[in-house]
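Peer 1: Any chance you can model this:
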Amino acid sequence: MMSELEREHLVTVGDDSHFLEEEDLKMDDASLCCERLPDGECIEILKDEDDVLIGLDCQNDISEGRKEFLAPAVGMEFESYDDAYNYYICYAKEVGFCVRVKNSWFKRNSKEKYGAVLCCSSQGFKRIKDVNNLRKETRTGCTAMIRMRLVESQRWRIREVTLEHNHILGAKIHKSVRKIGTGTKNKLLPCSDAQVQTIKLYRALVIDAGDGNLNSNARDEKTFSEYSNELNLRKGDTQAIYNFLCRMQLTNPHFFYLMDFNDEGHLRNVLWVDARSRAACGYFSDVIYFDNTYLSNKYEIPLVAFIGINHHGQSVLLGCGLLAGETTESYAWLFRTWVMCMSGCSPQTIITDRCKALQSAIAENFPKSHHCFGLSLIMKKVPEKLGGLRNYDAIRKALVRAVYETLKVIEFEAAWGFIIQRFGLSDHEWLRSLYQDRVHWAPVFLKDKFFGGMAATRSGENLTPFFDKYVHKQTPLKEFLDKYELALHKKYMEESLADIESRSSSPLLKTKCSFELQLSKMYTREIFRKFQLEVGEMFSCFGTTQLHVDGPIIIFLVKEHVLVEGNKREIKDFEVLYSRSVGEVRCICCCFNFYGYLCRHALCVLNFNGVEEIPPKYILSRWKKDYKRLYISDHNSDSIGSIQLCDKLFKSVLQVVEEGMISGEHYNVTLQAFEESLNKVHDIQQRHD
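Peer 2: Coordinates of the predicted model:
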């Protein structure tokens, strides 16, 4: 059974196995555009493949100077499909873009429509078979769209909205046309009438009971059961998956995969982990980002990935999967299987999108891990969720300050309360549910958790998908499987080059601070560069003073000239706790927990107290340039697993060490042999790199 993710250009009619391409309807959806008529008016036209113009005139009754047309939002409801369509056409005309119907879904054995996607006419790109078409490419891959469906109340409800365009918007369009199907013209209301109808029918943010709006893209339970019991695959995809898994296992003996089938024997979920990912998990699984971007955003590929961060601050793959849908059952199966593959691995922190199904599955399979929602993922949804509000720019700026700049819980609560009261947002469902979940995403509530550089708690930082440059909205599964090994190879090359650079060169010191010299000898080049920035910013701090003493703990106040909007600087106070007896220092900004190295404020306090070296507990092994890895080389895989290889080497080395301790002469010979062996191993690595 097809899911709501039917590939672009397909319209379901009759039974589930019958499809008509828009091309078969004598229509090229790339040709929807605006042309200027002789009288200076503008009309949206649709050209068929023979360049016959199909147009629909519409009087411009829009009154001048009226308020901006209300932007679409998740939860809007309309009495009919035509009402919803007319509303989006009027909105598009006001903003300055053209609309086309990307997908429509009809009930089995009937012509009753139950779902549709309306998108910007610049959505997608020309298909490969149309490359020789003389018509100029007009699309830009724009993502602006609305997804709607018929709900139990027999109204049409908007379920997903993307407002942002990736191209310049044109002048406001005062003519409109709807797609003409198989010879039947549907009545299109004049735009002013459509606006009146829309205002009457609009319900602000209608949310299904129990949904909580945790996942705006989630379907209701009935739809889940219809569409998430098997993978939505194209013809040939099943064979492509089988060929891929067989090829990977033949070339990589420690490649692991498991397939999940439903009761009818159809493929439902898949997980695979290669040997390097399994080895990397032993070192870089303390913090994991579970990326379901491609699944939740309705990409062609229902891909999910486990991502860690290596000793260079680079993303490292810890496993991949394909899921039938965003259900607790699918996620739970994936997590269970991954833990089994990784021999019971239990991360300290797991970062995910904000989703009820994920929350339940993680609580079940990672009970000891701290689960939080990616802050950057939440902030990316602000334009979509709040973009239609009056005073949007002021709301966004106030929200950014509340989230990123507050240091104490009381400050965050006050800032949030100001936003709600100042802009009258007490009834905004998304903000309300976001506030209820604040302990899972707001930095002020997460200071005691370790994120190791994956927190993205500073404005402008993002959690980037591992396959960001290789997977786009319409990338087919076959293409991705062909690119998979290439993508991994490039990632491994980047890591190898960073290894060589960190080992073979010494970074340039910018200050005479002993902390900078100390870590320049230990940290990889990229992590040291980030720490070096903190050392440099010590000079923007001043007025380190002792506030009070609480037993062995001394509380200091460090003032800093902080850069704010408009390249202005304002003075901000940071409290730092210090205990000389136990060698502990902790700043209220909690940079160490978020990023894995001490901040400028903590360094100022250490320097103020005459400490010349950073305490060992604040020098993480995971950032060191000699951090040991058990990765298996792609070109040297054999039948012996990583664990067996390590065990064999360890036993051999242990025997040499025991012999080397007999006398001073034995010791010198053994030490020299070890150094020569290490140099030879490095030479081999450099030749392969």
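Peer 1: buried residues in the longest helix along the chain?
Peer 2: Using DSSP state H to define each element, the chain has its longest helix at helix 477-504. By neighbour count on 16 or more other CB atoms under 10 Å, the buried set for helix 477-504 is 477-481, 484-485, 487-488, 491-492, 495, 498-499, 502. For the C-beta atoms, the positions are set from N, CA and C on the backbone; glycine is no exception.
Peer 1: after that helix comes which helix or strand?
Peer 2: Downstream of helix 477-504, the next assigned helix or strand under DSSP states H and E is helix 514-520.
Peer 1: Please list the residues outside that following helix that contact it.
Peer 2: Helix 514-520 is contacted from outside by 506-507, 509-510, 528, 531-532, 535, 597, 603, 606-607, 612-614, 619, using CB atoms under 8 Å, 6 or more residues apart in numbering.
Peer 1: elements contacting the helix or strand following it?
Peer 2: For helix 514-520, the following helix or strand on the C-terminal side (DSSP H and E) is helix 525-536. Helices and strands in packing contact with helix 525-536 are listed as helix 477-504, helix 514-520, helix 600-608; criterion 3 or more CB pairs under 8 Å, 6 or more residues apart in numbering; DSSP states H and E.
Peer 1: Check the average confidence over the second one, would you?
Peer 2: With pLDDT averaged residue by residue, helix 514-520 scores 95.
Peer 1: May I have the secondary structure class of Phe574?
Peer 2: Put simply, Phe574 is strand when judged by DSSP: H, G, I helix; E, B strand; the rest coil.
Peer 1: what's the nearest residue to Phe97 if we skip its chain neighbours?
Peer 2: Cys120 (5.1 Å; CB to CB, 6 or more residues apart in numbering).
Peer 1: Now do that neighbour against Thr162, distance only.
Peer 2: Distance of Cys120 to Thr162, given as CB to CB, to the nearest Å: 9 Å.
Peer 1: Now the common contact residues for the two.
Peer 2: Shared between the contact lists of Cys120 and Thr162 (criterion: CB under 8 Å, 6+ apart) are residues 143-145.
Peer 1: between those residues, which is nearest Ser285?
Peer 2: Using CB to CB, Thr143 is the member of the shared contacts of Cys120 and Thr162 that lies nearest Ser285, at 32.5 Å.
Peer 1: ok, that closest one - how many residues close by?
Peer 2: Residues near Thr143, counting by other CB atoms under 10 Å, number 17.
Peer 1: pretty sure it is touching Asn166, no?
Peer 2: Yes: contact criterion CB atoms under 8 Å: Thr143 and Asn166 qualify, at 7.0 Å.
Peer 1: pLDDT value on the closest residue to Val444 other than its chain neighbours, please?
Peer 2: Excluding its sequence neighbours, the residue lying closest to Val444 (CB to CB, 6+ apart) is Phe412, at 4.7 Å. In the prediction, the pLDDT value recorded for Phe412 is 97.
Peer 1: helices or strands next to the helix or strand Phe412 falls within in the packing?
Peer 2: Using DSSP H and E, the secondary-structure element containing Phe412 is helix 409-422. For helix 409-422, the packing partners by 3+ CB pairs under 8 Å, 6+ apart come out as helix 392-404, helix 429-436.
Peer 1: which element follows the lowest-mean-pLDDT helix or strand in the chain toward the C-terminus?
Peer 2: With mean pLDDT, DSSP states H and E as the measure, the helix or strand of the chain carrying the lowest mean pLDDT is strand 53-55 (a mean of 27). As assigned by DSSP H and E, the chain's next helix or strand after strand 53-55 is strand 77-78.
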